[in-house]
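Participant: Turn this into a model:
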Amino acid sequence: MEYDYKKIIKEGSSDLGSIKGLRLDSALANVVADEINVVHLLFDGVWYSVHGLVGSEVMGFKRSLEQFQEESSNEGRCVCRLPMLEQFIGFEVVEVRQIGEAWNGHGFELSFKDVPDKTLILQSIYTGSEPEDFNDCMRIGVGNYVYKVPELNK
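Facilitator: The predicted structure is shown next:
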């Protein structure tokens, strides 16, 4: 079956631009059988969900009607906090961008005010370097950037 990935990405991430200028208040990961399959982000009181589309070949970013008040777990599934996400809590989003492409690391990168050396990356597992036996899930990353090099020994 052929998919119109451009259309799927456009429709599935139509809410991405609406978070620019908003503060990240909370972040929770939905984990099923050790795989991250959804990240829930609370911006200024509104929840958004980042999740795979079409078997996670691409990612979606949509406003969520569901409210996630606290961590929860049941057999084989949990909604939990992750330190990798927590470091961005309280910061305002200054830029959002799509990265990658279908079957090649499609996802989103968020930049935050007063955090010039890190970005939050929410990306499909399909990146050319995915671990074995993982599919239909996503990965979370932090871009660490160097923009100033200390004076080198001369």
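
Participant: got the contact list for Asn104?
Facilitator: When contacts are counted by CB atoms under 8 Å, 6 or more residues apart in numbering, Asn104 touches 126-128. For glycine as for every other residue, the C-beta is placed from the backbone atoms N, C-alpha and C.

Participant: What residues are bridge-paired with it?
Facilitator: When assigned by DSSP bridges, Asn104 has beta-bridge partners Glu101.

Participant: where does it land on pLDDT?
Facilitator: The predicted local confidence for Asn104 comes out at a pLDDT of 91.

Participant: how many other residues sit next to Glu66?
Facilitator: When neighbours are counted by other CB atoms under 10 Å, Glu66 registers 7.

Participant: How many residues are close by Tyr145?
Facilitator: Residues lying near Tyr145 (other CB under 10 Å) number 10.

Participant: State the distance from the closest residue to Asp25 other than its chain neighbours to Met59.
Facilitator: Counting by CB to CB, 6 or more residues apart in numbering, the nearest residue to Asp25 once its immediate chain neighbours are dropped is Leu42, at 4.4 Å. Remark: distance between Leu42 and Met59 (CB to CB, to the nearest Å) = 18 Å.

Participant: Between the two, which is the more surrounded one?
Facilitator: Per other CB under 10 Å, whichever of Leu42 and Met59 has more neighbours is Met59, with 26 against 20.

Participant: so Pro116 touches Tyr147, yeah?
Facilitator: Yes. Here Pro116 lies in contact with Tyr147, judged by CB atoms under 8 Å, at a distance of 6.8 Å.

Participant: Quick check on the two: which one has the bigger neighbour count.
Facilitator: Legend: neighbour count by other CB under 10 Å for Pro116 and Tyr147, higher for Pro116 (12 against 6).

Participant: residue contacts, that one?
Facilitator: With contacts defined as CB under 8 Å, 6+ apart, the neighbours of Pro116 are 145, 147.

Participant: Roughly how far does it sit from Arg23?
Facilitator: As defined by CB to CB, Pro116 lies at a distance of 17 Å from Arg23.

Participant: Right, I'll leave it there.
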